[in-house]
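In: I need the structure of the sequence given here:
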Amino acid sequence: MRAFIFIFISALFISGCGAAESDTHNHDGLVIGNHERCHMCGMMVKQYPGPKGSLDLKGNEMQPKFCSTRDMFMFALQPENRRQVEALWVHDMAATDWQHPEDEHFIDATKAWYVYGSNRKAVMGVAVAPFSTLAAAEAFAQQYGGAVFEYDEITLELLSAK
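Out: The predicted structure follows:
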């Protein structure tokens, strides 16, 4: 009987650990191919300067890519899309080149700081420039203008105002 209880409790612990792992999102290996098109506008993602974005959708193997973080947010913040988004990834612009952002510099969009309204343009006009630290975002805003925002402050109203 003790052996049965031990096996039962062990199975509960093991299944609990597995569930926790499946709920995590990982951007390792996130690659934007040279011929991938923006999920929002259809433009070639890598042909243009500025930060790019990608997201994970619930129950979907496809990982939409975006030629700009602005397009990514315009898609992800739509009420019909918002509930389907599991994770969002953006380039850390403090760690990569503005003209050619590199795939190994993706960060969790929900933990990033953003500068919006700067004079650094991206493919779709005004850039939503992401940074992994507040200090980097503030330094960028001081150099190029714009205001610093947290993830939750990026809204459709903000993006539609400019």
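In: need the contact list for residue 36.
Out: 44-46, 65 (C-beta atoms under 8 Å, 6 or more residues apart in numbering). Just so you know, the C-beta spots here come from the backbone N, C-alpha and C atoms, and that holds for glycine as well.
In: between the residues you listed, which is closest to residue 109?
Out: residue 65 (13.3 Å; C-beta to C-beta).
In: The most centrally placed residue in the chain pairs with what?
Out: The residue lying closest to the centre of the chain (C-alpha atoms, centre = their mean) is residue 89, at 2.1 Å. Beta bridges link residue 89 to residue 54, residue 108, judged by DSSP bridges.
In: where along the protein do the helices fall?
Out: Assigned by DSSP state H, the helices in the chain fall at 2-22, 69-76, 79-82, 134-144, 156-160.
In: what is the rounded mean pLDDT of the first one?
Out: In this model, helix 2-22 has a mean pLDDT of 42.
In: what does stretch 81-94 give?
Out: 95.
In: cool, stretch 141-151 as well?
Out: On average, stretch 141-151 scores 98.
In: List the contacts of it.
Out: 109-120, 129, 134, 137-138, 140, 158.
In: quick one: terminal-to-terminal distance for it?
Out: 16 Å (C-alpha to C-alpha, to the nearest Å).
In: Could you list the buried residues of that stretch?
Out: Buried residues in stretch 141-151, defined by neighbour count with 16 or more other C-beta atoms under 10 Å: 141, 146, 148-149, 151.
In: Could I get those in JSON lines, plus columns for distance to residue 101?
Out: Output for those, formatted as JSON lines (distance: C-beta to C-beta, whole Å):
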{"residue": "141", "distance to residue 101": "19"}
{"residue": "146", "distance to residue 101": "18"}
{"residue": "148", "distance to residue 101": "20"}
{"residue": "149", "distance to residue 101": "19"}
{"residue": "151", "distance to residue 101": "19"}
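In: Just name the closest of those to residue 53, please.
Out: residue 151 (12.2 Å).
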